[in-house]
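**Q** give the three-dimensional model of this entry:
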Amino acid sequence: MIGFNRPYITGKEFDYIKAAIKLEKLSGNGFFTKKCHEFFQKRYGFSKALLTHSATAALEMAAILIDTRPGDEVIIPSYTFVSTANAFILRGATIVFADSQELNPNVSVEQIRPLITKKTKAIVVVHYAGFACDMDPIMELATERNIFVIEDAAQAIDSFYKGRPLGSIGHLAAFSFHETKNIISGEGGMLIINDERFLLRSEIIWEKGTNRAAFSRKEVNKYNWIDVGSSFLPSELTAAFLLAQLEKIDFIQNKRKENWTYYFGKLDAFREHYKLGLPKFDDFGTNNAHMFYITVSNLQERDEMLQYLKHYGIQAIFHYLPLHDSPYFKSLQSESLTLPNAERFGNTLIRLPFYLELSQVQMDLVVEKVFGFYNKAKASE
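**A** Residues are numbered from 1 along each chain as shown. So this is what the prediction gives:
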């Protein structure tokens, strides 16, 4: 069996978790949390980083920080994970879905511009597969219309746009350290604050609506209930695990990129013959090797290929079902919405097994069976 994902463990995770236990400070915002914050702020120049227990939590913090209210509209791509929408639905916002581009699942300013109204509060961009959206025109539009931009960079750690780290461009950004991501902590996430207006309040929301973080730094004599908030902090055990990963980020990234390039080269040699779609990203962005996906011709072909690969012990999966076509969103709407590019990716995109310890022999087998599926189909014609 070639599984879809296999979490990479550096070995230091166990040592750091033991160290966290010995420090007897397990509840969050301790030594290991601060070391992780320092890593991100130093390596990527983020103004402020706050670890969270998930990217979902980071997005929910972002929705609170921009003061999302009933009647506000938030533009997000339909081809994304449900957390991108839920964070704002929970605050009473109306979600306005944007279509994907034709050549990749990301949104562009052309899809966003016609959706803006006087009620638009924010634009959430999703850097799908770690490939950057074209941020400059999106930020220019947002500035012109006085709209917040939030980067859903859940898949985009260590990826760049015109030399700038993804997550450093919008007013706020969310990252994920789920076990399927490049850098992991089992579950985990991070909020990045790039707008100085949110620096102080983000800590308060993060600490259940209190100024406890300021109290721990001895900036106030006692802490009190200051604002709305929730328990968004991860435990020190999670932060300890994450730090071990961060210390090996260059090794992890180099190996993942090596595997990604090997896959691409093997599949690219014959893709025209089989009419197979491969990942495409723009020159303004880098590839952080988060995932490897292919696109096929239609839904039937996708399902048949998944079954064919499964028969040979290869666990490939389809990805997002467009949110505008979900039962929940349809229950909120009186009229149906058609977003052809998002629907096409929902029907035709397949994620192949991809992880650091995937061997070239295993990748060769996956490629062999992908082509074997098409050869079998041709032989039966």
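**Q** what's near enough to touch residue 343?
**A** 322, 325 (C-beta atoms under 8 Å, 6 or more residues apart in numbering). (C-beta placed from N, C-alpha, C; glycine too.)
**Q** enumerate every residue touching the nearest residue to residue 128 once chain neighbours are set aside.
**A** Counting by C-beta to C-beta, 6 or more residues apart in numbering, residue 128 lies nearest to residue 105, which is 4.3 Å off, once chain neighbours are set aside. For residue 105, the contact set (C-beta under 8 Å, 6+ apart) comprises 77, 79, 126, 128-129, 341-342, 345, 349.
**Q** restricted to helices, list these.
**A** Counting by DSSP state H, the contacts of residue 105 place 341-342, 345 in helices.
**Q** so which of those residues wins on neighbours?
**A** residue 342 (28 neighbours; other C-beta atoms under 10 Å).
**Q** go through the helix or strand hosting residue 303 and flag the buried ones.
**A** Per DSSP states H and E: residue 303 is located in helix 299-311. Within helix 299-311, the residues scored as buried using 16 or more other C-beta atoms under 10 Å are 301-302, 305-306, 308-309.
**Q** re the thing from before, let me know the closest of the ones in helices among the contacts of residue 105 to residue 328.
**A** residue 342 (16.1 Å; C-beta to C-beta).
**Q** show me what contacts the closest one?
**A** 77-79, 97, 99-100, 105, 322, 324.
**Q** secondary structure element for residue 42?
**A** Here residue 42 is assigned to helix 31-44, by DSSP H and E.
**Q** now do the buried residues in that helix.
**A** 31-33, 35-37, 39-40, 44.
**Q** one more: stretch 240-247?
**A** Those would be 240-246, for stretch 240-247 by 16+ other C-beta under 10 Å.
**Q** check stretch 58-71 too.
**A** For stretch 58-71, by 16+ other C-beta under 10 Å, it's 58-66, 68.
**Q** alpha carbons of it, as PDB, please.
**A** What follows is stretch 58-71, C-alpha atoms only, in PDB (Å, rounded to 0.1, in the frame of the first residue of the first chain):
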ATOM      1  CA  ALA A  58      -6.600  31.500  13.200                       C
ATOM      2  CA  LEU A  59      -9.300  32.300  10.600                       C
ATOM      3  CA  GLU A  60     -11.900  32.700  13.300                       C
ATOM      4  CA  MET A  61      -9.500  35.100  15.100                       C
ATOM      5  CA  ALA A  62      -9.100  37.100  11.900                       C
ATOM      6  CA  ALA A  63     -12.900  37.300  11.500                       C
ATOM      7  CA  ILE A  64     -13.200  38.800  15.100                       C
ATOM      8  CA  LEU A  65     -10.200  41.100  14.500                       C
ATOM      9  CA  ILE A  66     -11.800  42.800  11.500                       C
ATOM     10  CA  ASP A  67     -15.000  43.100  13.400                       C
ATOM     11  CA  THR A  68     -17.100  41.000  11.100                       C
ATOM     12  CA  ARG A  69     -20.800  41.600  11.700                       C
ATOM     13  CA  PRO A  70     -24.200  40.500  10.300                       C
ATOM     14  CA  GLY A  71     -24.700  42.300   7.000                       C
END
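**Q** give the rounded mean pLDDT of that stretch.
**A** What stretch 58-71 shows for mean pLDDT is 98.
**Q** how close does residue 338 get to residue 129?
**A** 24 Å (C-beta to C-beta, to the nearest Å).
**Q** so which elements touch the helix or strand of the chain with the lowest mean pLDDT?
**A** Of the helices and strands making up the chain, the lowest-confidence element is helix 271-274, at a mean of 81, by mean pLDDT, DSSP states H and E. Where contact means 3 or more C-beta pairs under 8 Å, 6 or more residues apart in numbering; DSSP states H and E, helix 271-274 is not packed against any helix or strand.
**Q** residues of the next helix or strand after that helix that come out buried?
**A** Downstream of helix 271-274, the next assigned helix or strand under DSSP H and E is strand 293-295. Within strand 293-295, the residues that qualify as buried are 293-295, counting by 16+ other C-beta under 10 Å.
**Q** of those, closest to residue 265?
**A** Nearest to residue 265 among the buried residues of strand 293-295, with distances taken as C-beta to C-beta, is residue 294, at 13.8 Å.
**Q** surely that closest one meets residue 278?
**A** Yes. Under the criterion of C-beta atoms under 8 Å, residue 294 makes contact with residue 278 at 6.2 Å.
**Q** element containing the residue nearest the centre of the chain?
**A** Nearest to the geometric centre of the chain sits residue 154, at 2.0 Å (C-alpha atoms, centre = their mean). Assessed by DSSP H and E, residue 154 sits outside every helix and strand.
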